[in-house]
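Peer 1: Generate coordinates for the sequence data below:
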Amino acid sequence: MAIDAIDSGRLNAPQTQRSEAGAGHFAQALTQLLLDVNSDQLKAGQAMKRLVVDGEGSIHEAMIAMNTAEGSFRLLMEMRNRLVDGFNRLLQTRG
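Peer 2: Residues are numbered from 1 along each chain as shown. This is a model prediction of the structure:
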């Protein structure tokens with residue numbers, strides 16, 4: 001029984017394609033998260049403007065919008081901190 005030679009180019013190509021596809025999904029998820037956080041911030045600003053300037057809406061609705069925006073922003077900052085920490089750890093292992 002003969003063993004075929006392994007072509008290193010063939011082995012690396014699927015991994016590269018898979019990692020690029022994964023990076024694309026990650027970038028899309030991160031972009032969507034940023035858009036969602038921005039949307040929450042805009043909604044909170046609009047709720048506050050409606051309440052303070054226009055005299056419409058309720059304090060309860062404005063506070064819910066502000067708490068939602070704050071929570072999504074904190075989540076975004078925690079994700080950023082963990083990504084930066086992971087990147088720094090990766091750099092330390094290389095150096």
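
Peer 1: What are the buried residues along whichever helix or strand residue 92 is part of?
Peer 2: Element membership for residue 92 (DSSP states H and E) is helix 59-94. Going by neighbour count (16 or more other C-beta atoms under 10 Å), the buried part of helix 59-94 is 62, 65-66, 69, 72, 76. The C-beta positions use only the backbone N, C-alpha and C, and glycine is treated the same way.

Peer 1: Pick out whichever of those residues sits closest to residue 34.
Peer 2: The closest of the buried residues of helix 59-94 to residue 34 turns out to be residue 76 (C-beta to C-beta; 7.3 Å).

Peer 1: and the helix or strand that contains residue 32, average pLDDT?
Peer 2: Here residue 32 sits within helix 8-49, counting by DSSP H and E. Per-residue pLDDT over helix 8-49 has a mean of 79.

Peer 1: List the contacts of the residue lying closest to residue 61 once chain neighbours are set aside.
Peer 2: Distances taken as C-beta to C-beta, 6 or more residues apart in numbering put residue 47 closest to residue 61, at 5.8 Å, once the chain neighbours are dropped. Listed by C-beta atoms under 8 Å, 6 or more residues apart in numbering, the contact set of residue 47 reads 57, 61-62, 65-66.

Peer 1: Max pairwise distance over those: which two?
Peer 2: Longest distance between any two of the contacts of residue 47 is 12.1 Å, between 57 and 66; criterion C-beta to C-beta.

Peer 1: which residue is nearest the middle of the protein?
Peer 2: Central residue of the chain (C-alpha atoms, centre = their mean): residue 30, 2.9 Å from the mean position.

Peer 1: Enumerate every residue touching that one.
Peer 2: Residue 30 neighbours (C-beta under 8 Å, 6+ apart): none.

Peer 1: State the distance from it to residue 80.
Peer 2: 10 Å (C-beta to C-beta, to the nearest Å).

Peer 1: and residue 56, what element?
Peer 2: Per DSSP H and E: nothing holds residue 56, as it lies in no helix or strand.
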